[in-house]
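Participant: sequence first, predicted model second:
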Amino acid sequence: MPMRQDRQPFYGAIRSRVVARLAGVTLRQLQYWHQTGLITAHTVPGARGYPRLYSWVDYMKVRAARKLLREGLHTRQIRAHIEYLEESVPDWHMMPLHGYAGKVLIELEHRVMTANHPPQLAFPYLFELLWELREEGPLGAMQRYSHSIDMHPAVASGNPVIKGTRIETSFLASLVARQVPAEEIAAAYGIPQDTVESALAFVREVA
């Protein structure tokens, strides 16, 4: 059973339903942010409902926006916070990838809180936001699956995969939909069966 090829790395590839579930927002909220230009997804013309696809950076923006929304910020304030992050901490969207480029969170604190802005313009929620993103890891609200599922922008364009592989969870689900038993999938790809079953449970939750 051949594996699917990776998609182009900078093109939106993570489906809106997956982004919403992992970020802990509703599809309606995603649509609102898309329509207002806060976080714009790629659309797929010609497909039913014009599916929205998100890049890794946009996925991380959704997670950041959800946390800022939780603090009571409105869209204009959320936009300002995210723009400030992008200006002051260019690698902020990599924070959930533990140990990315050897950086540790404390190195970012000074930059976030001072950056080239006067103190009254420093954004008080950002250090906490970065800390939460780092602690949650790449799966966000679905981090309980992190023992078997992973996400990385350099692998399958950021789509959820079996940890340590490039096998997308959605690919395993498509095999099961074609009546391939989980034990056969596990044997064919050298994956523990409980990992396959965990991946299928993950897909069911985000579907």
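Facilitator: Thanks, I have the structure now.
Participant: contacts, neighbours, all on C-alpha from now
Facilitator: OK.
Participant: tell me the buried residues in stretch 155-166?
Facilitator: 155-163, 166 (16 or more other CA atoms under 10 Å).
Participant: mind listing the helices for this protein?
Facilitator: For the chain, applying DSSP state H gives helices covering 16-23, 27-36, 56-70, 75-88, 105-114, 126-136, 169-177, 182-189, 193-206.
Participant: okay, the ones you listed in JSON lines with mean neighbour count next?
Facilitator: Converted to JSON lines, the helices of the chain look like this (neighbours: other CA atoms under 10 Å):
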{"stretch": "helix 16-23", "mean neighbour count": "21"}
{"stretch": "helix 27-36", "mean neighbour count": "15"}
{"stretch": "helix 56-70", "mean neighbour count": "21"}
{"stretch": "helix 75-88", "mean neighbour count": "16"}
{"stretch": "helix 105-114", "mean neighbour count": "15"}
{"stretch": "helix 126-136", "mean neighbour count": "18"}
{"stretch": "helix 169-177", "mean neighbour count": "17"}
{"stretch": "helix 182-189", "mean neighbour count": "15"}
{"stretch": "helix 193-206", "mean neighbour count": "17"}
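Participant: adding distance to residue 150 and mean pLDDT, write these out as a markdown table.
Facilitator: What follows is those, written out as a markdown table (distance: least, CA to CA, whole Å; pLDDT from 0 to 100):
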| stretch | distance to residue 150 | mean pLDDT |
| --- | --- | --- |
| helix 16-23 | 12 | 96 |
| helix 27-36 | 22 | 94 |
| helix 56-70 | 13 | 95 |
| helix 75-88 | 24 | 90 |
| helix 105-114 | 21 | 50 |
| helix 126-136 | 12 | 87 |
| helix 169-177 | 10 | 95 |
| helix 182-189 | 17 | 95 |
| helix 193-206 | 10 | 95 |
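Participant: could I get those as TSV with distance to residue 43?
Facilitator: Output for the helices of the chain, formatted as TSV (distance: least, CA to CA, whole Å):
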stretch	distance to residue 43
helix 16-23	10
helix 27-36	10
helix 56-70	13
helix 75-88	21
helix 105-114	33
helix 126-136	26
helix 169-177	19
helix 182-189	32
helix 193-206	19
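Participant: relative to residue 148, which of the ones you listed is closest?
Facilitator: Nearest to residue 148 among the helices of the chain is helix 193-206 (5.7 Å), distances taken as CA to CA.
Participant: hey, C-alpha coordinates of stretch 160-168 in PDB?
Facilitator: Coordinates of each C-alpha in stretch 160-168 appear next as PDB, following Å, rounded to 0.1, in the frame of the first residue of the first chain:
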ATOM      1  CA  PRO A 160      -1.200  15.000  11.800                       C
ATOM      2  CA  VAL A 161       1.000  11.900  11.300                       C
ATOM      3  CA  ILE A 162       1.900   8.800  13.200                       C
ATOM      4  CA  LYS A 163       4.800   9.800  15.500                       C
ATOM      5  CA  GLY A 164       8.200   9.100  14.000                       C
ATOM      6  CA  THR A 165       6.800   8.600  10.400                       C
ATOM      7  CA  ARG A 166       5.300  10.500   7.500                       C
ATOM      8  CA  ILE A 167       2.100   8.400   7.500                       C
ATOM      9  CA  GLU A 168      -0.900  10.700   7.900                       C
END
